[in-house]
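Colleague: Quick one, structure for this:
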Amino acid sequence: FTPLKDAPETLLKNLHIAGDGTLWALGFETIYKLPDLGAAGFKEVTKAGFSETGSIDDFFVINDDDIWAAGFGGVSHWDGKGWTKEEKSTIGAGDDLIEGVVVGRDGKVWVASSGKIHVKDGGAWSTVDLAKAKGGRLFMEGIERAADGSIYALASAVLIKLGPTTADVEAVRLGGGSFSSFSDLALGPDGTIAARNLFDLVVRAPDGKVKTWKQKSYMSEGVR
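Modeller: Next up is the predicted model:
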């Protein structure tokens, strides 16, 4: 590992790899960009003050002038000149927490709240019916876009593939044993899927085969 030049020294809350491979970092209220590993340093792209966006926990970058951010206050969009925010009540999330945001290649904005998936299509928000993936109450852990453009939402009990339309909802087998408690979803460029399940790491290969990695040394604190 090599320390990156002039990396932000303040609190970093999240990282994001944009579609062009650039690294982005979310600070306390600043969004930074590292054009490439050989760059002179991180570039400050924009600040997201609490009065404009509320606290931000997750973000998705299309380019410098097209950034979506999600957090306690709702969902916000940066257009290169300023922020616009949509409250949770507008999205349909009510009092739920916002767990993540991604944007599909077709421009749809997908948002995971505590127990629901919301999508903005053509300027209007709707809530996705997830019954085809799993009935009952779901507790969402996050949402990601794969390299092929597919959208995946991770709940504590199931991985859900979404899109391209809001009616397309499919459960993806991850294993997890008799009791699943998934979190921390990661998607590889070749179609590999990985998720944390309590003290294990569950990995699904592109061919659909699932392997659970168990490491006794993890047991004291779990996999982070």
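Colleague: Now find how far off-centre stretch 182-197 is within its chain.
Modeller: Counting by CA atoms, centre = their mean, to the nearest Å, stretch 182-197 is centred 11 Å from the centre of its parent chain.
Colleague: for that stretch, which positions count as buried?
Modeller: Neighbour-count burial for stretch 182-197, counted by 16 or more other CB atoms under 10 Å, picks out 182-183, 185, 187, 193, 195-197. Backbone N, C-alpha and C define where each C-beta goes, glycine included.
Colleague: for stretch 150-166, same thing?
Modeller: Here stretch 150-166 shows 150-155, 157-163, 166 as buried, counting by 16+ other CB under 10 Å.
Colleague: Any stretches of the protein with poor pLDDT?
Modeller: Residues of the chain meeting the criterion pLDDT under 70: 176-178, 215-224.
Colleague: is the closest residue to residue 42 other than its chain neighbours in a bridge, and if so with what?
Modeller: Spatial nearest neighbour of residue 42, chain neighbours left out: residue 32 (4.3 Å); criterion: CB to CB, 6 or more residues apart in numbering. Residue 32 forms beta bridges with residue 25, residue 44, as assigned by DSSP bridges.
Colleague: check contacts around residue 32.
Modeller: By CB atoms under 8 Å, 6 or more residues apart in numbering, the contact set of residue 32 is 8, 24-26, 42-45.
Colleague: Residue 145: which of those is nearest?
Modeller: Nearest to residue 145, judged by CB to CB, of those is residue 24 at 14.0 Å.
Colleague: What is the burial count for the closest one?
Modeller: Residue 24 is flanked by 21 other residues according to other CB atoms under 10 Å.
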